[in-house]
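Student: got a predicted model here, sequence first, then my questions.
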Amino acid sequence: MTNTQGKPHQRGATIKILTTLLVGALFAPAAQAFDAAQWQAVAPAIQAAVECRAKPDTTATAWKALPRDESGAIEAIKPPVPFTVFGLPVQEVAIFIDADGELGESYTATLGANAAAVRKAAKLSTAGGRTTTMGELMLGEGVAPQLTCTVAGTYDESDYQEN
């Protein structure tokens, strides 16, 4: 997503954009089927990203084979074989990576466990979050708990002054 007209000048605008992206992921079309062999090649990178341990190598062949929509964004994926994050079963994975780097990245797993189990397994605070060297790990509670690792982008509004 590129904004050629200029950058928003309010933190609220950045939060609204990220919220829109996350809500969009929740209401996106059904996840794509993915071949088991392809999944096995990319699963360790996805697991490390969702657990907020390491960014994936997006130049790897397995990563490039992830299903994409018409705009090139990675589509939601239902793991074709059992897959876990922090030892908990994953039902679906959603990935957002801003090509420009301004809005950052997010790696989300919809889990087949209750929120209390997710908090304990991921060692989250009572508020449902934890800061890692890679980014922020957060629990989202909906129909099924979602665990998201959010990596900050390069967008900086430190020079912004309200008139």
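Tutor: Here it is on my side, so go on.
Student: which strand or helix spans the nearest residue to residue 131 once chain neighbours are set aside?
Tutor: Nearest in space to residue 131, with sequence neighbours left out and distances taken as CB to CB, 6 or more residues apart in numbering, is residue 137 at 7.6 Å. Where C-beta positions appear, they are placed from N, C-alpha and C, glycine not excepted. For residue 137, the enclosing helix or strand under DSSP states H and E is strand 136-140.
Student: tabulate the CA atom coordinates of the helix or strand just after that strand in CSV.
Tutor: Elements were assigned by DSSP H and E; along the chain past strand 136-140, the next helix or strand is strand 146-151. Extracted C-alpha coordinates of strand 146-151, given in CSV (Å, rounded to 0.1, in the frame of the first residue of the first chain):
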residue,chain,number,x,y,z
GLN,A,146,-5.7,-14.7,18.0
LEU,A,147,-2.1,-14.2,18.8
THR,A,148,-0.4,-11.4,16.8
CYS,A,149,3.2,-10.4,16.5
THR,A,150,3.4,-6.8,15.3
VAL,A,151,6.6,-5.4,14.0
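Student: partner strands of strand 146-151 and their direction?
Tutor: If you go by DSSP bridges, strand 146-151 pairs up with strand 105-111 (antiparallel), strand 136-140 (antiparallel).
Student: out of the ones you listed, which is closest to residue 60?
Tutor: When the strands paired with strand 146-151 are ranked by distance to residue 60, counting by CB to CB, first place goes to strand 105-111 at 15.3 Å.
Student: which parts of the following helix or strand past that closest one are buried?
Tutor: For strand 105-111, the following helix or strand on the C-terminal side (DSSP H and E) is helix 115-121. Buried residues in helix 115-121, counted by 16 or more other CB atoms under 10 Å: 115, 118-119, 121.
Student: do the same with stretch 63-78
Tutor: Judged by neighbour count (16+ other CB under 10 Å), stretch 63-78 contains these buried residues: 63, 66, 73-78.
Student: pLDDT weak spots in this structure?
Tutor: 1-34, 156-163 (pLDDT under 70).
Student: how about the strands of it, start to end?
Tutor: Listed in chain order, the strands of the chain (DSSP state E) span residues 84-85, 88-97, 105-111, 129-131, 136-140, 146-151.
Student: what is the shortest one packed up against?
Tutor: Packed against strand 84-85, as judged by 3 or more CB pairs under 8 Å, 6 or more residues apart in numbering; DSSP states H and E, are the following elements: helix 36-50.
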